[in-house]
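>>> one predicted model, sequence on top.
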Amino acid sequence: MRIGILGGTFNPIHCGHLHIAEEVYTACGLDEIWFIPTCQPPHKELVDGVSFTDRLTMVQLAVADNPQFIACDIEGQRGGKSYSVDTLSCLKTAYPDHDFYFIMGLDSFQELSLWKEYQRLFELAHIVVTARPGFVGTVHEFLPVAIADRFCYDADFKKIQCDTGFSLIPVTHTCRDVSSTEVRRLLTESSPVGGLVPDSVIQYIKNRGLYSD
């Protein structure tokens with residue numbers, strides 16, 4: 001199976017996450033996309049004290065109507081800081097016959113050299129980099145210098161391939177720029193977030209009293 005991996009704090013999950021997942025699902029011909037909430041993000045503080053259980057439940061509610069979207073609690077089960085390389089290693093061990101497509105935004109990809117054992121990511125999965133329409137240049141130019149020479153352009157298949165056999169895949173997404181930070185601000189101000197967050201997630205947030213002063 002071809003499985004997309006979309007990780008994040010999902011604090012909370014919003015429609016931008018779902019829209020990007022839909023576009024990558026189609027562009028890469030995937031069978032499923034697994035949404036993996038971070039237990040403890042290694043590069044930023046988890047704000048508002050929302051528990052892993054709450055964030056996982058919000059993901060489960062958001063994807064409930066799409067059988068190709070799956071909420072995965074692997075990082076909650078493992079506990080501690082959530083490093084992508086560790087998660088992908090565990091997934092490859094548990095599902096050796098699956099092909100994984102690790103999804104990340106262009107802003108995160110530009111900081112890839114700061115990630116733990118980032119070189120190993122290309123030994124475990126294809127890397128899908130999402131960017132807005134109008135992006136100038138190629139994702140290839142943002143590869144860390146230390147590994148850039150391990151990639152070449154495959155003209156036959158029109159893709160950038162690593163010497164491991166995995167590819168670097170750019171995907172243009174057309175969703176509105178919306179962030180969890182913006183959603184949390186609106187919720188704190190008691191402003192409406194309809195259209196930004198799935199209705200089932202909005203109701204869960206209200207019932208649990210999340211993101212309120």
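Arrived safely. Here the structure is a predicted model, which means the values were calculated and not measured.

>>> ok, and what's touching the helix or strand bottoming out on mean pLDDT in the chain?
Every helix and strand of the chain was ranked by mean pLDDT, DSSP states H and E. The lowest is strand 151-154, at a mean of 84. For strand 151-154, contacts defined as C-beta atoms under 8 Å, 6 or more residues apart in numbering pick out His140, Leu143, Lys159, Ile160, Gln161, Cys162, Asp163, Ser167, Leu168. Bear in mind the C-beta positions are built from the backbone N, C-alpha and C, glycine included.

>>> beyond it, next helix or strand please.
Counting by DSSP states H and E, the next helix or strand C-terminal to strand 151-154 is strand 159-162.

>>> got a list of contacts for that next one?
Here strand 159-162 has contacts from 122, 138-140, 147, 150-154, 167-169, using C-beta under 8 Å, 6+ apart.

>>> list the buried ones in the helix or strand hosting Ser108?
In this structure, Ser108 sits in helix 106-109 according to DSSP H and E. The neighbour-count check on helix 106-109 (16 or more other C-beta atoms under 10 Å) flags Leu106, Ser108, Phe109 as buried.

>>> average pLDDT across it?
Mean per-residue pLDDT for helix 106-109: 90.

>>> CA atoms of that helix as CSV?
Taking Å, rounded to 0.1, in the frame of the first residue of the first chain, the C-alpha atoms of helix 106-109 are listed here in CSV:
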residue,chain,number,x,y,z
LEU,A,106,7.9,24.0,2.2
ASP,A,107,8.7,26.0,5.4
SER,A,108,9.5,22.9,7.3
PHE,A,109,11.5,21.5,4.4
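
>>> what is that helix packed up against?
Helix 106-109 makes packing contacts with strand 126-131 when contacts are defined by 3 or more C-beta pairs under 8 Å, 6 or more residues apart in numbering; DSSP states H and E.

>>> show me what the strand it packs on is packed up against.
When contacts are defined as 3+ C-beta pairs under 8 Å, 6+ apart, strand 126-131 packs onto helix 15-27, strand 99-105, helix 106-109, strand 167-172.

>>> most packed of the ones you listed?
Mean neighbours per residue, mean count of other C-beta atoms under 10 Å, is largest over the helices and strands packed on strand 126-131 for strand 99-105, with a mean of 22.

>>> about what we covered before: now the helix or strand that the helix holding Ser108 is followed by: how far from the chain's centre is it?
Using DSSP H and E, the next helix or strand after helix 106-109 towards the C-terminus is helix 118-121. Taking C-alpha atoms, centre = their mean, to the nearest Å, one finds helix 118-121 lying 16 Å from the centre of the chain it belongs to.

>>> which other residues reach helix 118-121?
Helix 118-121 is contacted by residues Ser84, Val85, Leu88, Ser89, Phe102, Leu112, Trp115, Ile127, Pro144, Ala146, Ile147 when judged by C-beta under 8 Å, 6+ apart.

>>> tell me which element the fourth one is part of?
When elements are defined using DSSP H and E, Ser89 is found to belong to helix 84-94.

>>> then that helix to CSV, C-alphas only?
Extracted C-alpha coordinates of helix 84-94, given in CSV (Å, rounded to 0.1, in the frame of the first residue of the first chain):
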residue,chain,number,x,y,z
SER,A,84,9.9,11.9,12.5
VAL,A,85,12.8,9.6,11.8
ASP,A,86,11.9,7.5,14.8
THR,A,87,8.2,7.3,13.8
LEU,A,88,9.1,6.3,10.2
SER,A,89,11.5,3.7,11.5
CYS,A,90,8.8,2.2,13.6
LEU,A,91,6.3,2.2,10.8
LYS,A,92,8.7,0.6,8.3
THR,A,93,9.4,-2.2,10.9
ALA,A,94,5.7,-2.7,11.6
